[in-house]
Every structure is written in structure tokens, then in C-alpha cells.
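>>> Quick one, structure for this:
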Amino acid sequence: MPHQLTREQRAQAIILLDEKFSSRAVAKRIGSVHHSTILRLKKKHEETGNIENRPGAGRPRKLTERDERNCIRRLMTNEYSTAVGLQKSLNILDNIEVCANTIRRALRRNGLVARVKRKKPLLTKVHRQKRLAFAKKYQSWTVDDWNRVVWSDESKFQIYGSDGRSYCWKRPAESLHDRHVKPTKKFGGGSVFVWGCFTCFGTGYMCKIDGGLNAELYRQILSEDFLETLELYKLNYRDIIFQQDNDPKHTAKDTKKWFDDRNIQVLLWSTQSPDLTSLE
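Next up, the predicted model:
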């Protein structure tokens, strides 16, 4: 008995065939189907333009199989990312008038689902090149090499929870209790801004920063909290490697001179790379 392809498999097969994949390659990608089934599908599609195994009942769909494949292509090539964008493209480019919900149903029929985009740092081509250079430069480092690194960063901590929305559960007629309230304070009193560092031997000194941080204050923190951390663990300036990100305060001319005057090596750091640091 020949294998019956699902609607999603038929659509996927036609897309691959249009991209000049062989029937055997298409069958291998789809899985659990013989290449002869793909050949029959290709022949029927070339003759009639229809990839259904049997005629459907009810009102014909506004979008043909080819229209749906065009929508999928435009999504996969990042030309459009939403159903509303696809709706406008069909109207302008293909003279097809459909509502956005019709587009959404078509996408779901073809196995696609809508999800909230994940947030991550923007990586340009230059960023990727620098991250690759970073990986190649340090790929041969041993554990002992990395143990020389002193990691540092600044961070803000919310005293009364996160900056986002907070939810609670309560009965409709229940009076307001403390657990139903998210405390707030005026003038930034709800958070604390700190600088900290750590070594392979343990955590270093932490410094609370009142107000903003500039290059001069950053060098003062280095002169006090950072150098005291080295003294705490009896680390020589020339034996350690200091890690910091590329914040302008860290890369200022006077800050670079501060490290040079003390013969402290600073770890080469690529931009937009919070995932590379142990602190993160």
C-alpha cells in the first residue's frame, strides 16, 4: 500500500522539489516515505498544479498551495515575520486579498507556530568576526591560564523584585494584604548599583556605587577594591589577567594608562558578548 503523505509533508516536498532537490533527497529529508511516492507527487504537481491526494469538501480555500508556499518562503527568508506583513505582501505583490487570520490558519496547517521572539544582543558581522577571533586566540588556553583571570563587572539589583509586572492570586472579595502589594520607592530607592570581582580563589571586594559611574570613579574603584582583592589573595600584578567589558569608562585613555603603569594585563574582549563572561 503506498504511503499517504500528510498535507504538511506534501507542501514540504513541493518546496524542496522547486528548489531542485532530487526525489531521493526529498524522501530522505521527509523520512518514512519511498522516493517513488515523491516522483508521483512531482508528476501530478507538474501536470495539474494540485498536490492533494483527493479532492477536498466544502468551500475552496482562498489561498492555493502555491500561495501558501510563497508565504512560507517569505517567512523563512526573513522577508516578512508576521501574518499582517504577509497579508500586505500578498495584496501588493500577488493581488490576493485575504485577512491576517487566513494567513495564520495557512501557516498552522503547514506546521508553523507563533512564538514570542527571544531577546539577545544584536550581533553584526563585525561582532561575529571579533567573537571568532576571541575564540581562536584563547582556544589553546589551559585551566591554569583561565585561573589567572580576575573577572569583574557592574550590576544593578532590584531591592523590591524585578522591573517588570508582578502577579498575585486573591479571592474576588478578599481585602488587600501585604502579599497583594509590590512596594515601590521614589527617586531610585528600589535598586542598588554595585561593582564586584572574583578570582579562582574566591570572591573579591564589592563596592556600592551611589549615583552614576564615570571613568574617574571607576579608576578609584580599581585602586581600592580591585587592588585590595589582589592583596587579599596575595596575587602579583604581573601574574593576573584582568577582565572587563568594553564600556567607555573601562576603555578610556586614562584608564588604559592606569593598567599600563601597573603592568596589569587586560583580557582582550569582544563587544556584545555577555555570554562569554563567567559573571553572567
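
>>> From here on, just use CA atoms for contacts and neighbour counts.
Noted.

>>> Identify the structural domains in the chain and state their residue ranges.
7-109, 125-276 (automatic domain parsing).

>>> okay, these in TSV with mean neighbour count, mean pLDDT and distance to residue 119 next?
As requested, those are arranged in TSV below (neighbours: other Cα atoms under 10 Å; pLDDT from 0 to 100; distance: least, Cα to Cα, whole Å):
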stretch	mean neighbour count	mean pLDDT	distance to residue 119
domain 7-109	15	81	15
domain 125-276	14	86	13
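
>>> any idea where the helices of the stretch 101-250 of the chain begin and end?
Secondary structure of the stretch 101-250 of the chain (DSSP state H, counting those that start in this stretch): helices at 125-138, 143-146, 215-221, 227-232.

>>> List just the one of those helices that sits closest to residue 201.
Closest of the helices of the stretch 101-250 of the chain to residue 201 is helix 227-232, at 10.1 Å (criterion: Cα to Cα).

>>> from the middle of its chain, how far away would whichever strand or helix holds residue 37 be?
The secondary structure element spanning residue 37 is helix 35-48 (assigned by DSSP states H and E). For helix 35-48, the separation from the chain centroid amounts to 40 Å (computed by Cα atoms, centre = their mean, to the nearest Å).

>>> Other residues contacting the next helix or strand after that helix?
Sequence-wise, the next helix or strand downstream of helix 35-48 (DSSP H and E) is helix 65-76. The set of residues external to helix 65-76 that reach it, using Cα atoms under 8 Å, 6 or more residues apart in numbering, is 11, 15, 50, 51, 80, 81, 82, 86, 106, 107.

>>> Run the chain-centre distance for the helix or strand just after helix 65-76.
Downstream of helix 65-76, the first helix or strand assigned by DSSP H and E is helix 83-93. In terms of Cα atoms, centre = their mean, the gap separating the centre of helix 83-93 from the centre of its chain is 27 Å.

>>> Helix 83-93 packs against which elements?
Applying 3 or more Cα pairs under 8 Å, 6 or more residues apart in numbering; DSSP states H and E, one finds that helix 83-93 makes contact with helix 100-109.
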